[in-house]
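K.L.:
attaching a predicted model along with its sequence, questions to come.
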Amino acid sequence: MRMDAPVHAQRRAGVVSGFPGVPIPRRDGHAPLPPGLLAEQVAQIYRETPMAAGVGGINAALMAALLLQTEGEQRALTWLLAMLLISALRLVTWLAWRRDPAARGRARHWGRIGTAGAICAGIGFGAGGAWLWPDTAAGQFAWIFLIGGMCAGAAGLHHAHLPTALGFILPAALPFAAIYAGMGSPDALSASAMILVFVAALTASAWRSSREFTANLRLRLDLAEQARALEEANSRLREEMARHRATEATLRQAQKMEAVGQLTGGIAHDFNNLLTAVLGSLALLRKRLPAGDARAARLLENAAQGAQRGASLTQRLLAFGRRQALNPTAVDLAALVQGMAALLRGVLGGAVHVRTEFPPGLPPAWVDANQLELAVLNLAANARDALPAGGEILVGGAARRVAQPQSGGLPPGDYVVLSVSDAGEGMDEATLAQAMAPFFTTKGVGKGTGLGLAMVHGLAAQSGGGFLLRSARGVGTVAELWLPRASAEAGLAEDAPDPPRAGSLPASPGVTPGGRVLVVDDDALVRASVVAMLEDLGLSVAEAASGPEALARLRAGMAADLLLTDFAMPGMTGVQLAEAARGLRPDLPVLLASGYAELEASGTGGFDLLAKPFVQDELAHAVAARLGVRGPVAPPQAGLRSGLKADLA
């Protein structure tokens, strides 16, 4: 029946309930009791059975003793043995009920047995009275007193289950009413009527008591059901609140990462501008250094290494903030790690060696190979530091599939897992909880930036995967990079020298004197450095501090073979300037320079991009490519990527 049916309709059907599956019998009692109610009624029968059996046996013994003493009735001993046997059998059924683990599920069966025991006891007292009915008024009074007390006791003990109460009362009392009715005298008939009235009153009382017990029991069961439903609702609410808190935490983390990404992007832009000026000035200073000044050369080299470390820090900040420009390809992890063998040996030293475990047929991962190399180097360096006495680092791979969204934000899909594990010192829970936080490090001053694991985490997240870190103090650490599996159509990246940084131009022959370059940058320090590097290359250079100033010079007829402009400038951006300049001179080559290392080609308007910071050789090759110069040139110096790896070592 529908639970929203009117109450009177439910009453006509025989049930009214606040909970499904817990019907309430109508006042006519035709609806069957629910299993829970019947089981509790039967349990109440057996709770009182030991007392009922004991009282029955004692009263039978007292009556037999009285009959032997006053009436000399020897048959009383036979009756007493029969009554003791009935009491014993009732106790046996009570023990069997207690030992039945499925007793509540078999309530109807055990209810019949309990009622049968009460009927046997009632018949024993009723039949015994008829068989041993004395001739003396005192003896008759003793029987009536005994049976009246036993019936009243049965109505109280078995009030939970009306059939059991009546099963004793009726066979115990009705034979005495029949005895008095058979005497035929007015006094005897009055006594018979009194017994019948007494039985009727006990029956009504037992029925009322059973009904009240059932109602109270139903109320308890309803309350228990309501409490259970409330607890289930509370449990669901707690789970929902936990999921809500987890979602809020994920959202807060995402918002924090977005804010950090914006902050790191701005910091990287300003920092890269400064590094451009520093690296350019150092390169020019190196050329003007007097020969034989070893101390000055050493100081100059220290400054250059510091600038490269600054560039490395900028790259790690961008990786942590997920702002670095990535060039994902299908990467064979086993081949990548194998190709890093020499570099890993240089980073780890002789006391620590690497063992690899890559299963045959491991699918390729979709990731930026160069950034993945840096991540592996960071993880290997951390593992090395956890093995002060030396040992082994295990680098392995495995294919995994995620079927359901994970709490860490890993979406369902196919992944390739690159793991780096060690059996070193490990981390306690407090350290592990902060391990991926930016600038957190357990290393000494000057021995770590605290951005290594943050960079790995940023790379994994930006690549569409995840980073999992497990560790225990004294056991070791396992770091897992979960990377998206490359599609079947994606070809593996071929072995080649390190490609240019994302956004940079391919190397080309150097510059010959005579070209004229218009340099536009709102930062005077950067502009002066770029101008000096270009003039040192033998180029003719003009400069402007803004886009409108550069356009004014071009409109005035200034000759220019190349426009080299900063990307981010107030008032007019580099892209806007380049488009306006192309409107004036369609064949004018344009080269954008940007300190936003995360800038992608889609944001440059299709113009070529040179990422800051850059050294003079990189600038020379970029300019040469735009001017179309041909001729032999010495290979460029080691770029910033080599600087990053050297910094890790």
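P.N.:
Received the coordinates, thanks.
K.L.:
quick one, strands of the stretch 501-649 of the chain?
P.N.:
Per DSSP state E, counting those that start in this stretch, the stretch 501-649 of the chain carries strands over the ranges 516-520, 540-544, 562-566, 590-594, 608-611.
K.L.:
want to throw these into a markdown table with distance to residue 427?
P.N.:
Yep, even glycine has a C-beta here, placed from its N, CA and C like the rest. A markdown table is the format used below for these (distance: least, CB to CB, whole Å):
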| stretch | distance to residue 427 |
| --- | --- |
| strand 516-520 | 50 |
| strand 540-544 | 53 |
| strand 562-566 | 44 |
| strand 590-594 | 38 |
| strand 608-611 | 36 |
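K.L.:
between these, which one is nearest to residue 579?
P.N.:
Across the strands of the stretch 501-649 of the chain, the minimum distance to residue 579, taken as CB to CB, is reached by strand 590-594, at 9.0 Å.
K.L.:
quick one: strands adjacent to the closest one?
P.N.:
Pairing partners of strand 590-594, with direction, according to DSSP bridges: strand 562-566 (parallel), strand 608-611 (parallel).
K.L.:
residue ranges of each domain in the protein, please.
P.N.:
According to automatic domain parsing, the chain comprises the domains 32-232, 330-484.
K.L.:
for the last one, how far is the first residue from the last?
P.N.:
Using CA to CA, to the nearest Å, one end of domain 330-484 lies 10 Å from the other.
K.L.:
with stretch 590-610 instead?
P.N.:
Using CA to CA, the end-to-end distance of stretch 590-610 comes to 11 Å.
K.L.:
just stretch 177-197 next, same as before
P.N.:
One end of stretch 177-197 sits 10 Å from the other (CA to CA).
K.L.:
now do stretch 328-345
P.N.:
The straight-line separation of the ends of stretch 328-345 (CA to CA) is 26 Å.
K.L.:
repeat for stretch 554-567
P.N.:
Start to finish, the residues bounding stretch 554-567 are 18 Å apart (CA to CA).
K.L.:
in it, what counts as buried?
P.N.:
Neighbour counts over stretch 554-567 (16 or more other CB atoms under 10 Å) mark 554, 560, 561, 562, 563, 564, 565, 566, 567 as buried.
K.L.:
identify the residues contacting it?
P.N.:
With CB atoms under 8 Å, 6 or more residues apart in numbering as the test, stretch 554-567 has contacts from 515-523, 526, 530, 534, 542, 547, 550, 573-575, 577-578, 581, 584-585, 588-596, 599, 604, 609, 623, 626-627.
K.L.:
ok, back up a step: okay, among the buried residues of stretch 554-567, which ones form the most distant pair?
P.N.:
Among the buried residues of stretch 554-567, 561 and 567 lie farthest apart (CB to CB), at 20.5 Å.
K.L.:
low-scoring stretches of the stretch 401-550 of the chain, by residue?
P.N.:
Filtered on pLDDT under 70, the stretch 401-550 of the chain yields the residue ranges 405-409, 433-452, 488-514.
K.L.:
picking that back up, and residue 73, which of the strands paired with strand 590-594 is closest to it?
P.N.:
Residue 73 lies closest to strand 608-611 among the strands paired with strand 590-594, at 121.2 Å (CB to CB).
K.L.:
report the mean per-residue pLDDT for the closest one.
P.N.:
Averaged across strand 608-611, pLDDT comes to 84.
K.L.:
can I get the buried residues of stretch 554-567 in TSV with distance to residue 113 and pLDDT?
P.N.:
Rendered in TSV, the data for the buried residues of stretch 554-567 read as follows (distance: CB to CB, whole Å; pLDDT from 0 to 100):
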residue	distance to residue 113	pLDDT
554	110	91
560	111	91
561	111	91
562	107	93
563	105	94
564	103	94
565	101	93
566	98	91
567	93	87
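K.L.:
and which of those residues is nearest residue 465?
P.N.:
Lowest distance from residue 465 to the buried residues of stretch 554-567 (CB to CB) belongs to residue 567, with 29.8 Å.
K.L.:
and that closest one, how far from residue 311?
P.N.:
Separation of residue 567 from residue 311 (CB to CB, to the nearest Å) stands at 18 Å.
K.L.:
quick one, strands of this structure?
P.N.:
In the chain, the strands defined using DSSP state E lie at 329-331, 352-357, 365-367, 391-402, 413-422, 466-472, 476-484, 516-520, 540-544, 562-566, 590-594, 608-611.
K.L.:
of those strands, which is nearest residue 175?
P.N.:
strand 391-402 (80.3 Å).
K.L.:
just checking, what packs against that closest one?
P.N.:
helix 333-339, strand 352-357, helix 369-385, strand 413-422 (3 or more CB pairs under 8 Å, 6 or more residues apart in numbering; DSSP states H and E).
K.L.:
so for residue 345, which of those sits nearest?
P.N.:
Across those, closest to residue 345 is strand 352-357 (CB to CB), at 8.0 Å.
K.L.:
can you show me the CA trace of the closest one as CSV?
P.N.:
The C-alpha trace of strand 352-357 is given here as CSV (Å, rounded to 0.1, in the frame of the first residue of the first chain):
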residue,chain,number,x,y,z
VAL,A,352,74.1,5.2,-4.8
HIS,A,353,73.1,3.2,-7.9
VAL,A,354,69.9,3.0,-9.9
ARG,A,355,68.1,-0.2,-10.7
THR,A,356,65.2,-0.1,-13.3
GLU,A,357,62.2,-2.3,-13.6
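K.L.:
any idea of the angle that strand forms with strand 413-422?
P.N.:
Put simply, strand 352-357 runs at 150 degrees to strand 413-422, going by axes from the mean of the first three to the mean of the last three CA atoms, to 10 degrees.
K.L.:
run through the bridge partners of residue 400.
P.N.:
Note on residue 400: beta-bridge partners by DSSP bridges are residue 415.
K.L.:
ok, it - contacts?
P.N.:
So residue 400 contacts 414, 415, 416, 417, 482 (CB under 8 Å, 6+ apart).
K.L.:
any idea how far residue 469 is from it?
P.N.:
Residue 400 is 16 Å from residue 469, by CB to CB.
K.L.:
with residue 341 instead?
P.N.:
If you go by CB to CB, the gap between residue 341 and residue 469 works out to 25 Å.
K.L.:
what is the longest helix along the chain packed up against?
P.N.:
Taking DSSP state H as the criterion, the chain has its longest helix at helix 186-287. Counting contacts by 3+ CB pairs under 8 Å, 6+ apart, helix 186-287 is packed against helix 35-66, helix 137-157, helix 162-183, helix 294-320, helix 524-536, helix 616-627.
K.L.:
of the ones you listed, flag the one that's most buried.
P.N.:
Highest mean neighbour count among those (mean count of other CB atoms under 10 Å): helix 616-627, with a mean of 23.
K.L.:
so residue 142 is in contact with residue 66, correct?
P.N.:
Yes: between residue 142 and residue 66 there is a contact under CB atoms under 8 Å: 5.9 Å.
K.L.:
what residue of this protein is the furthest out?
P.N.:
With distances taken as CA atoms, centre = their mean, the residue sitting farthest from the centre of the chain turns out to be residue 185, at 88.7 Å.
K.L.:
would you mind measuring from that residue to residue 192?
P.N.:
10 Å.
K.L.:
and if you look at residue 328?
P.N.:
Residue 328 is 105 Å from residue 192, by CB to CB.
K.L.:
kindly report the same for residue 468.
P.N.:
90 Å.
K.L.:
for residue 213, same thing?
P.N.:
From residue 213 to residue 192 the distance is 31 Å (CB to CB).
K.L.:
cool, residue 216 as well?
P.N.:
Where residue 192 is concerned, residue 216 sits at a distance of 36 Å (CB to CB).
K.L.:
between these two, which one's more packed in?
P.N.:
For residue 216 versus residue 192, neighbours defined as other CB atoms under 10 Å are more numerous around residue 192 (19 against 10).
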